[in-house]
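Q: Test case, fold it:
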Amino acid sequence: MTGEGLVKMRKSRSPNDLRIKLLDRINQDFLLRLVWSASWIAAIAAVFALQSSAADTGPQRCWKDMPKPSTESKQSICADPSADWQVRQALRTVCLQNPVAEYQAPDQRALVIGFLGGFAKRGDMNHPEVWFARYLRERYPSAIYAEVFSNHEADVALHDVFSLLDSDCDGTLTEPEKQNARIVLYGHSWGASETIAFARELGKRDIPVLLTVQIDIVAKPRQKPLEIPSSVQQAVNFFQPTGLLHGQPRIVAADPLRTKILGNFRMTYENRAVDCGNFPWFARTFNKPHHKIENDSRVWEQVNSLIDSDLRGTSRHDELIGGGH
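A: Next up, the predicted model:
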């Protein structure tokens, strides 16, 4: 080897070059590892920071004490200019549905409870889950209670469910009050995980659930969101398989004789644009597919059809969730 070649080798292996290569390698994984670690640390802290579990609901209230939905605004949520454009796009096909003024409410109102993903707070209007609940209240004004909670507010949600089921306002739930419950649960990400944990808590109290809808499940610590408890009559899973955070391809029934899995539906976005401008830059950059499914109008159209079907007592689920995903 010539002297010139040895000089080149020494230069290529100089401490400065090695340091640059090392930094490049670290930079490739640093942000992703940071996001993942921070998420788990925050999740564990949130679990232990809860003041009470879902089993401790505090003083019981009567359904008459529950706050009534505001009727100040007569404008349809589908035309509300305060909604993000991306949220309006997510619910655009839902908003094309015909009104249901002819719908006759049964004695017991249906309860639709949603759970937000991540660390989103209750009432975060950047999420279509919140607007969807408002849409349901508008569509079924006398037949439904619909509310969305943080995925760390299961105790608050359970308290509200107990209050709404207590039809005689005596502070306790009788067996008829429990069995007459008509409950639908839905959630995205950690909210999808909390959906099943919440259904499991209801099942421990002999309260059945009509339907659970899970969108891109991400399991919370100490939860098992893929096994649907026997207290749930029907369950459906929408997922997408890409990105740092992504859903799970399969949910199963703990007791197939009591729970029907309507399907595990894979959503793809290779050739489908979904605007995620309603979410922060960080989420759009590192987690975009996970939020595309949250903003997917096809998913919300299916969720709406399933809830409508359950409220009307029809059985069109195979048709409603047919192909095209």
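
Q: wait, isn't residue 212 in contact with residue 229?
A: No: using CB atoms under 8 Å, residue 212 is not in contact with residue 229; the gap is 9.2 Å. Where C-beta positions appear, they are placed from N, C-alpha and C, glycine not excepted.

Q: Show me the helices in the stretch 151-300 of the chain, by range?
A: Remark: helices assigned in the stretch 151-300 of the chain by DSSP state H, counting those that start in this stretch are 154-165, 175-179, 190-204, 281-286, 288-292, 297-312.

Q: so where is the protein shaky, pLDDT-wise?
A: Scanning the chain for pLDDT under 70 picks out 1-75, 99-108, 314-325.

Q: Okay, now the sheet partners of the helix or strand hosting residue 148, with direction.
A: Element membership of residue 148, judged by DSSP states H and E, is strand 144-149. Neighbouring strands of strand 144-149 in its sheet, by DSSP bridges, are strand 110-115 (parallel).

Q: quick one: buried residues of the strand it pairs with?
A: Using 16 or more other CB atoms under 10 Å as the test for burial, strand 110-115 gives 110-115.

Q: Pick the one among the residues you listed closest to residue 126.
A: Nearest to residue 126 out of those is residue 114 (CB to CB; 14.3 Å).

Q: Not counting sequence-adjacent ones, nearest residue to that closest one?
A: residue 148 (3.9 Å; CB to CB, 6 or more residues apart in numbering).

Q: Residue 92 should be in a strand, yeah?
A: No: applying DSSP: H, G, I helix; E, B strand; the rest coil, one finds residue 92 to be coil, outside a strand.

Q: Okay, it and residue 226: tell me how far apart.
A: Taking CB to CB, to the nearest Å as the measure, residue 92 falls 31 Å from residue 226.

Q: Looking at these two, which one has more neighbours?
A: residue 226 (17 against 13; other CB atoms under 10 Å).

Q: got a list of what the more buried one touches?
A: 196, 217, 219, 248, 250-252 (CB atoms under 8 Å, 6 or more residues apart in numbering).

Q: Among these, name the buried ones.
A: 196, 217, 219, 248, 251.

Q: Next, count neighbours for the closest residue to the last one other than its chain neighbours.
A: Excluding its sequence neighbours, the residue lying closest to residue 251 (CB to CB, 6+ apart) is residue 237, at 4.5 Å. Close neighbours of residue 237, defined as other CB under 10 Å, add up to 26.

Q: was I right about residue 237 contacting residue 217?
A: Yes: here residue 237 reaches residue 217: they are 6.8 Å apart, a contact under CB under 8 Å.

Q: Show me whatever sits in contact with both of the two.
A: With CB under 8 Å, 6+ apart, residue 237 and residue 217 have common neighbours 247-248, 251.

Q: Out of those residues, which is nearest to residue 176?
A: Looking across the shared contacts of residue 237 and residue 217 and measuring by CB to CB, the closest to residue 176 is residue 251, at 30.3 Å.

Q: show me what contacts the closest one?
A: 214, 217, 225-228, 235, 237, 261, 264.

Q: tell me which of these is nearest to residue 143?
A: Nearest member of the contacts of residue 251 to residue 143, counting by CB to CB, is residue 235, at 22.5 Å.

Q: what's across from the closest one in the sheet?
A: Applying DSSP bridges, one finds that residue 235 bridges with residue 212, residue 261.

Q: what about it, how many residues close to it?
A: Neighbour tally, residue 235, other CB under 10 Å: 25.

Q: ok, the residue lying closest to residue 128 once chain neighbours are set aside - contacts?
A: Once flanking residues are discounted, residue 128 sits nearest to residue 90: 4.1 Å by CB to CB, 6+ apart. Applying CB under 8 Å, 6+ apart to residue 90 gives the contacts 128, 131, 294-297, 300.

Q: any idea how far residue 90 is from residue 216?
A: From residue 90 to residue 216 the distance is 14 Å (CB to CB).

Q: Residue 160 too?
A: For residue 160 relative to residue 216 (CB to CB), the value is 25 Å.
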